[in-house]
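Enquirer: Have a look; sequence and predicted model below, questions after that.
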Amino acid sequence: METTKANAAFLCNFEVMQILQQLKDNTQKKHKREGSLATVTYETVHFLQNSDCKNQSAQAIQKFLEAMKQFKLTKIEKLMMVNTPPRTELEIQLIVQESEERLSEEEVKKIIDLANEFLPPSDSI
Amino acid sequence: MVHFYARENVLCKLIFNKMFVLAEMKDVIRVTPEHFHQSLTESITTLLNRKLANKVVLNVGLCIALFDITHIGHSYIFPGDGSSHTEVKFRYIVFRPIVEEILVGKIRSCSREGVHVTLGFFDDVLIPVNALQHPSRFDETDQAWVWEYPKEDGEKHDLFMDSGESIRFRVTSEAFEESLPTGPPGTECAVQTVAPYKLVGGINEPGLGLLSWWEAPEQEDDDDNEMEQDNDE
């Protein structure tokens, strides 16, 4: 076996959850369950369902990313914001490197508002 | 030249490495004759998932599930073997968080080495002692790390890190270990079980650590004020 490209593309947590749930439904229908695949999909879906991506939808993420275009953020920073939507200024400081220089206070507030609007927190947390 | 190389490295880091990535791979799949009644795609999917799911590929990451098959080559039958051999190119969902990424996990246990964190599907995350909030001490009776949060009046407020709590940490480094093949089933060989893929995390920054430490800081301030008022009364 050969790996041609270790990092061909990236997926956000929501996408992974969707794919795995589909896979789970399909395998259950056919009454065929492969041991290690079943374990890893179960555990991963369980982990993702306890995170914020449970309530997300493809449309909301798209709208959020659209809105994020006005700020000069890197791809990773935006991805992290989708995976763990920031609720406080502190979280933005953690996600965005040198956030104090790159973002004004108003911009930080705006990002938090946008995150709350499109990627609302789940009740379980 | 050196400078250029260094910058290129940084660029790679910026473009790639996310929590979940797609890895493009190539393999020759052997389908045994008893599975010829299935469609080729179906057999390939089953076989690839059987081979890779929940396993670590060296320097790639922890494989989760097949994403798609991008190319199926010609199938060959070799003399003396009734199976068909097909070259396939496919993409696999792989867990490989970026160094510097912030993740949220749960505390599995605490030991003198540090705090062990689990993500449910991935257990080999360690937050070493020197990457805990400062100052921290290890509580022998509770077997838990405690952050001795200094209060303004010079006293300390003990914040326990109990197992099962949600914890936010930054990935600081990763390590792949080439693992030896295990012996045949049934035999008790003394094969050392090393974790093939380990992550090292850190929580020594404001905002990192147990989620409950940083929840709604404004409200906590209010509480403090109220407490002070209570004291005054």
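Expert: Arrived safely, thanks for sending.

Enquirer: In contact with the residue nearest to the spatial centre of chain A, which residues are there?
Expert: For chain A, the residue nearest the mean C-alpha position is A:Asn83 (2.6 Å; CA atoms, centre = their mean). Residues in contact with A:Asn83 (CB atoms under 8 Å, 6 or more residues apart in numbering or on different chains) are A:Cys12, A:Asn13, A:Ser51, A:Asp52, A:Cys53, B:Met19. Every residue, glycine included, has its C-beta placed from N, CA and C.

Enquirer: Neighbours of the third one, how many?
Expert: The criterion is other CB atoms under 10 Å in any protein chain shown. On that basis, A:Ser51 has 22 neighbouring residues.

Enquirer: How about the second one?
Expert: By other CB under 10 Å, 22 other residues sit near A:Asn13.

Enquirer: tell me how far stretch B:80-100 is from the chain's mean position?
Expert: In terms of CA atoms, centre = their mean, to the nearest Å, the centre of stretch B:80-100 is found 20 Å from the chain centre.

Enquirer: Now do the longest helix along chain A: everything it contacts.
Expert: Ranked by residue count and defined by DSSP state H, the top helix of chain A is helix A:13-30. With contacts defined as CB under 8 Å, 6+ apart, helix A:13-30 is touched by A:11, A:33-34, A:37-38, A:41-42, A:44-45, A:48-49, A:51, A:53-54, A:56-58, A:61, A:82-83, B:19-20, B:64-65, B:67, B:93.

Enquirer: Buried ones from those residues, can you make that a PyMOL selection?
Expert: To isolate the buried members of the contacts of helix A:13-30 in PyMOL, using 16 or more other CB atoms under 10 Å in any protein chain shown:
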select buried, (chain A and resi 11+34+37+38+41+44+45+48+51+53+56+61+82+83) or (chain B and resi 19+20+64+65+67+93)
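
Enquirer: quick revisit: which members of the contacts of A:Asn83 are the farthest-apart pair?
Expert: Greatest spatial distance in the contacts of A:Asn83: A:Asp52 and B:Met19, 13.0 Å, computed using CB to CB.

Enquirer: how about the residue nearest to B:Arg168 when sequence neighbours are not counted, what does it touch?
Expert: Leaving out its chain neighbours, the residue that sits closest to B:Arg168 by CB to CB, 6 or more residues apart in numbering or on different chains is B:Val104, at 5.0 Å. If you count contacts by CB under 8 Å, 6+ apart, B:Val104 has them with A:Ser51, A:Thr84, B:Ser166, B:Ile167, B:Arg168, B:Phe169, B:Leu211.

Enquirer: So B:Val104: helix, strand or coil?
Expert: The local conformation at B:Val104, judged by DSSP: H, G, I helix; E, B strand; the rest coil, is strand.

Enquirer: Can you read off the pLDDT for it?
Expert: Per-residue pLDDT puts B:Val104 at 88.

Enquirer: Also the one 4 residues further on?
Expert: Note on B:Arg108: pLDDT of 92.

Enquirer: quick one: what helix or strand has it in it?
Expert: Element membership for B:Arg108 (DSSP states H and E) is strand B:102-111.

Enquirer: quick one: buried residues of that strand?
Expert: Neighbour count says strand B:102-111 has B:Ile102, B:Leu103, B:Val104, B:Gly105, B:Ile107, B:Arg108, B:Cys110 buried, by 16+ other CB under 10 Å.

Enquirer: now, among those residues, which is nearest to B:Thr86?
Expert: B:Leu103 (37.4 Å).

Enquirer: List the contacts of the residue positioned nearest the centre of chain B.
Expert: Nearest residue to the geometric centre of chain B (CA atoms, centre = their mean): B:Phe122, 5.1 Å. With contact set as CB under 8 Å, 6+ apart, B:Phe122 has these partners: B:Leu62, B:Phe95, B:Leu199.

Enquirer: Compile those into JSON lines and extend it with columns for secondary structure and neighbour count.
Expert: What follows is those, written out as JSON lines (DSSP: H, G, I helix; E, B strand; the rest coil; neighbours: other CB atoms under 10 Å in any protein chain shown):
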{"residue": "B:Leu62", "secondary structure": "strand", "neighbour count": "24"}
{"residue": "B:Phe95", "secondary structure": "strand", "neighbour count": "22"}
{"residue": "B:Leu199", "secondary structure": "strand", "neighbour count": "25"}
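
Enquirer: Select only the buried ones of the contacts of B:Val104 in ChimeraX?
Expert: Buried residues within the contacts of B:Val104, by 16+ other CB under 10 Å, are selected in ChimeraX with:
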select /A:51,84 /B:167,168,169
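
Enquirer: Tell me which of the contacts of B:Val104 fall in helices.
Expert: B:Leu211.

Enquirer: Hmm, which of the contacts of B:Val104 is lowest in pLDDT?
Expert: A:Ser51 (78).

Enquirer: check contacts around that one.
Expert: Contacts of A:Ser51 (CB under 8 Å, 6+ apart): A:Asn13, A:Asn83, A:Thr84, B:Val104.

Enquirer: how about a cut-off of 6 Å?
Expert: By CB atoms under 6 Å, 6 or more residues apart in numbering or on different chains, A:Ser51 lies in contact with nothing.

Enquirer: for it, phi and psi?
Expert: When read as degrees, to the nearest 10, the backbone of A:Ser51 gives phi -100, psi 180.

Enquirer: All the strands of chain A, in order from the start?
Expert: For chain A, the strands defined by DSSP state E cover A:2-11.

Enquirer: and chain B, which of its residues are near chain A?
Expert: Within chain B, the positions near chain A by CB under 6 Å from any CB of the partner chain are B:16, B:18, B:20-27, B:49-50, B:53-54, B:60, B:64-65, B:102, B:119-121, B:207.
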